[in-house]
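# Here is my input, please return the structure:
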Amino acid sequence: MINYELSQLQDNPEWLDVLRAYSESTPDEQGRLTRVQGIEGIAEEHLPRIHGKLIAFGFLDFELADRHEGVFYQLTSLGRQGLIRLRDTANDASEETAVDEIVSERDAESDAVEVEETTTQFEEPVAADDCARETEAA
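From the prediction side, this is the model:
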């Protein structure tokens with residue numbers, strides 16, 4: 001996949017939403033998908049423009065059936081690759097964030113244990129018998 005196409009998908013999250021909607025749709029016997037009419041968060045009047053961009057960039061194919069059936073769509077291999085790569089990128093970013101949070105928590109716990117150990121070392125009471133033994137040994 002060319003980085004430009006991938007960057008276009010990243011820069012236009014509504015394109016990704018439309019591609020996801022098609023990837024989650026159930027195709028007919030010929031593998032065709034009917035047009036997605038409504039996607040939460042995207043105004044219906046923007047869908048024709050988004051479909052045009054997805055077709056122009058090669059993420060989505062269309063087929064004109066007849067007057068009664070209308071237009072059918074199909075995700076291209078480029079569209080599927082884009083979804084996979086951006087999902088992997090999002091997963092990597094969320095995994096990195098999760099790892100960073102775990103490391104931060106562990107660092108905080110480790111610091112707390114070190115402080116507790118240091119405090120314990122200095123606060124242990126010295127028994128009178130221990131002082132007498134040290135004096136006798138010297």
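
# Restricting to C-alpha, output stretch 58-70 in PDB.
What follows is stretch 58-70, C-alpha atoms only, in PDB (Å, rounded to 0.1, in the frame of the first residue of the first chain):
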ATOM      1  CA  GLY A  58      -9.200   2.500  -4.800                       C
ATOM      2  CA  PHE A  59     -10.500   1.500  -1.400                       C
ATOM      3  CA  LEU A  60     -14.000   0.700  -2.700                       C
ATOM      4  CA  ASP A  61     -15.300  -0.700  -6.000                       C
ATOM      5  CA  PHE A  62     -18.800  -0.200  -7.200                       C
ATOM      6  CA  GLU A  63     -21.100  -1.900  -9.700                       C
ATOM      7  CA  LEU A  64     -24.100  -0.500 -11.400                       C
ATOM      8  CA  ALA A  65     -26.700  -3.200 -11.500                       C
ATOM      9  CA  ASP A  66     -30.000  -2.300 -13.100                       C
ATOM     10  CA  ARG A  67     -32.500   0.400 -12.400                       C
ATOM     11  CA  HIS A  68     -34.300  -1.700  -9.700                       C
ATOM     12  CA  GLU A  69     -31.300  -3.000  -7.900                       C
ATOM     13  CA  GLY A  70     -29.200   0.200  -7.900                       C
END
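
# What residues of that stretch count as buried?
Buried residues in stretch 58-70, counted by 16 or more other Cβ atoms under 10 Å: 59-60, 62. The C-beta positions use only the backbone N, C-alpha and C, and glycine is treated the same way.

# Looking at the residues you listed, which one is closest to residue 25?
Ranked by distance to residue 25 (Cβ to Cβ), these are led by residue 60 at 11.9 Å.

# Okay, the closest one and residue 78: tell me how far apart.
Distance of residue 60 to residue 78, computed by Cβ to Cβ, to the nearest Å: 9 Å.

# Check residue 46 too.
22 Å.

# neighbour count winner among the two?
residue 78 (19 against 12; other Cβ atoms under 10 Å).

# So that one, which state does it fall into?
At residue 78 the chain is in helix, as set by DSSP: H, G, I helix; E, B strand; the rest coil.

# Contact partners for the closest residue to it other than its chain neighbours?
The shortest distance from residue 78 to any non-neighbouring residue, by Cβ to Cβ, 6 or more residues apart in numbering, is to residue 58 (4.8 Å). Residue 58 makes contact with 5, 76, 78-79, according to Cβ atoms under 8 Å, 6 or more residues apart in numbering.
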